[in-house]
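Trainee: Compute the structure for the input listed below.
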Amino acid sequence: MLLSECIERTLDTQAPFFSDDAVASEVYAIMRKGHLEGAPVLHDGALSAMITVTDLIDVVQSEKTASLALRDLPLQQAGSIGLHEHLFDLFPRLINFHGEIIPVTRNDGSYAGTVEKRVVLDCIAEVFHLGEESRTFELDVPSSGLKLSEVIASIEKNDATVLSSGLYRPDRAAEGMVVTFRVLTHDWFRLVQNMGKYGYSIRYSTPLSDESEDQMREKALEFIRFMDM
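Mentor: Purely as a prediction, here's the structure:
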């Protein structure tokens, strides 16, 4: 999913911003009055920095610096995320944005507006189906010879749908890997039981909300196996 698709309805093009020739004391007064945590600073229509009230407190307390323009202050250059970028590509950079808002740029590098960090994270959660309707299933697998298609086929022959998956190494010294699935199924208990019977090493599975239900179903399965005998 491109960022433009994720935030098409939530991009704030009216969020306050300042030109880099704005006077520090005036910017400080506006930010305090508007209860702004931070705001973009632009130079010729392009993002140059992010300014916070904390950045300005010491500046405005001195007569020598209160009248300085923002471009004369030692502000760190701000990062941004682009409308043309894919969510997965920009995800590693989200940690660099410490405030609640993130500056957004167009394909040509010009400033487009801001978006709440929460909105981007919610979009990523949506892509990976991290909501309550699906469950998590992890298997220990060898680091070589893994055919993910075979594992998915084993899951889906139990009337389950794999919504997303990921692969990681639990630690650097580990010989094997862990494959994680987000799964949608009407019979989670059956799926977990059968995957164990297929010989897969189950590392984790989302517990059912009612543990007594697990016990009752296990007893039911035992009765069915007894009748089959």
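Trainee: what about the strands in this protein?
Mentor: Here the chain has its strands, by DSSP state E, at 18-19, 38-43, 46-52, 81-82, 101-105, 111-116, 135-142, 160-168, 176-185, 201-205.
Trainee: Throw the ones you listed into TSV and include mean neighbour count, thanks.
Mentor: For glycine as for every other residue, the C-beta is placed from the backbone atoms N, C-alpha and C. What follows is these, written out as TSV (neighbours: other C-beta atoms under 10 Å):
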stretch	mean neighbour count
strand 18-19	18
strand 38-43	21
strand 46-52	20
strand 81-82	20
strand 101-105	23
strand 111-116	21
strand 135-142	18
strand 160-168	15
strand 176-185	18
strand 201-205	14
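Trainee: Can I get those strands in a markdown table including distance to residue 94 and mean pLDDT?
Mentor: Listed next are the strands of the chain as a markdown table, based on distance: least, C-beta to C-beta, whole Å; pLDDT from 0 to 100:
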| stretch | distance to residue 94 | mean pLDDT |
| --- | --- | --- |
| strand 18-19 | 24 | 97 |
| strand 38-43 | 16 | 96 |
| strand 46-52 | 15 | 95 |
| strand 81-82 | 8 | 97 |
| strand 101-105 | 8 | 96 |
| strand 111-116 | 11 | 97 |
| strand 135-142 | 22 | 94 |
| strand 160-168 | 17 | 95 |
| strand 176-185 | 20 | 95 |
| strand 201-205 | 25 | 95 |
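Trainee: now those in JSON lines, with distance to residue 68?
Mentor: What follows is these, written out as JSON lines (distance: least, C-beta to C-beta, whole Å):
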{"stretch": "strand 18-19", "distance to residue 68": "13"}
{"stretch": "strand 38-43", "distance to residue 68": "13"}
{"stretch": "strand 46-52", "distance to residue 68": "12"}
{"stretch": "strand 81-82", "distance to residue 68": "29"}
{"stretch": "strand 101-105", "distance to residue 68": "22"}
{"stretch": "strand 111-116", "distance to residue 68": "22"}
{"stretch": "strand 135-142", "distance to residue 68": "53"}
{"stretch": "strand 160-168", "distance to residue 68": "48"}
{"stretch": "strand 176-185", "distance to residue 68": "52"}
{"stretch": "strand 201-205", "distance to residue 68": "55"}
